[in-house]
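**Student:** need coordinates for the following:
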Amino acid sequence: MIQDIAPHKLKNTFDPEARPKSGDCLIYYHKGEMAADLTEDRLDFPRAGAREKDLPYLFSIDDTAFFLASEEPKDCAMHPMKEFRNRPLLPKEYVFAAFTAMHLAEWYQHHRFCGCCASVLQHSKTERAMVCPSCGEVYYPRINPAVIVGVKKGDCLLLTKYRRGFSQNALIAGFTEIGETLEETCAREVMEETGIRIKNIRYYKSQPWGVASDLLTGFLCEAEGDDEIRPDTSELKEARWVPREEIELQAMDYSLTNEIMAGFKNGIL
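**Tutor:** Next up, the predicted model:
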């Protein structure tokens, strides 16, 4: 998956004293695009020089720190985030960095003013948060809990395709609502999108997914009773039971969805 970057390691502990040093990476993100050097299948970011002094620190990978730039770099082009998602770019740890940085960049952009009193927010000096100097309200990075559900029926897996956006095979997915457990989210989303009831819901694995500021939680379960699919055509273009040997995997191995599909196809799950 996209976060599997070993032996490299993401260090996401907030460091209020961090300042860019020469060679650190600068992240500039604006309206769904990020500044980067994409030469063939290699990915690199603009690098800090002597003039960068006080930029928001994001995280580090190994000994390279990443900072949020406020101005578009002159030496790198802007690229839609789908290029990072759909191309086999290396090094992989930089692809993970791109989407993790996107997560934080969007949060900073959307939290410039206090939602309680409309004052201009300030960066916390002690934690990764935005604070209101007028009323004291504190805002933390938004993380959306969502589920990915692999629904099995004998030797078949329930695969879907979205009506809009991502065009490859997918699994049932959805956001957790107020007052819901993750298991209840699984049952509700599968029923809403396909009309299938499920049983034996069990946790598989989780994944940070900066693409949509999500924390994805993967589950496996089994169809119960009537297995006739009644798809929600407002969300899905297609929903069908697919035998394991006929499953077509996604082009990239970044997603929890693809890992679940691959595990079932290969008889592991």
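
**Student:** check the chain for its longest helix and report it.
**Tutor:** Criterion DSSP state H: the longest helix present in the chain is helix 92-110.

**Student:** please save the CA atoms from it in CSV.
**Tutor:** The C-alpha trace of helix 92-110 is given here as CSV (Å, rounded to 0.1, in the frame of the first residue of the first chain):
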residue,chain,number,x,y,z
LYS,A,92,7.7,5.4,-3.4
GLU,A,93,8.2,7.3,-0.2
TYR,A,94,7.9,10.5,-2.1
VAL,A,95,4.5,9.4,-3.5
PHE,A,96,3.4,8.8,0.1
ALA,A,97,4.8,12.2,1.1
ALA,A,98,2.9,13.9,-1.7
PHE,A,99,-0.5,12.7,-0.5
THR,A,100,0.3,13.1,3.2
ALA,A,101,1.4,16.7,2.5
MET,A,102,-1.8,17.3,0.4
HIS,A,103,-3.8,16.2,3.5
LEU,A,104,-2.1,18.8,5.6
ALA,A,105,-2.0,21.5,2.9
GLU,A,106,-5.7,21.4,2.3
TRP,A,107,-6.4,21.5,6.1
TYR,A,108,-4.2,24.7,6.4
GLN,A,109,-6.0,26.3,3.5
HIS,A,110,-9.4,25.5,4.9
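
**Student:** go through it and flag the buried ones.
**Tutor:** 92-108 (16 or more other C-beta atoms under 10 Å). All C-beta atoms are positioned from the backbone trio N, CA, C, and that covers glycine.

**Student:** how far does it sit from its chain's centre?
**Tutor:** 9 Å (C-alpha atoms, centre = their mean, to the nearest Å).

**Student:** what does that helix rub up against?
**Tutor:** 2-5, 8, 10, 12, 25, 27, 29, 34, 36, 43-45, 56, 58-59, 61-62, 66, 68, 81, 84-85, 89, 130, 141-142, 208-211, 213, 254 (C-beta atoms under 8 Å, 6 or more residues apart in numbering).

**Student:** I'd say residue 49 and residue 24 touch.
**Tutor:** No: using C-beta atoms under 8 Å, residue 49 makes no contact with residue 24, being 9.6 Å away.

**Student:** and the two? Which one has more around it.
**Tutor:** residue 24 (22 against 12; other C-beta atoms under 10 Å).

**Student:** neighbours of the closest residue to residue 260 other than its chain neighbours, how many?
**Tutor:** Distances taken as C-beta to C-beta, 6 or more residues apart in numbering put residue 150 closest to residue 260, at 4.4 Å, once the chain neighbours are dropped. Using other C-beta under 10 Å, residue 150 has 24 other residues around it.

**Student:** quick check: which element contains residue 150?
**Tutor:** Using DSSP states H and E, residue 150 maps to strand 144-153.
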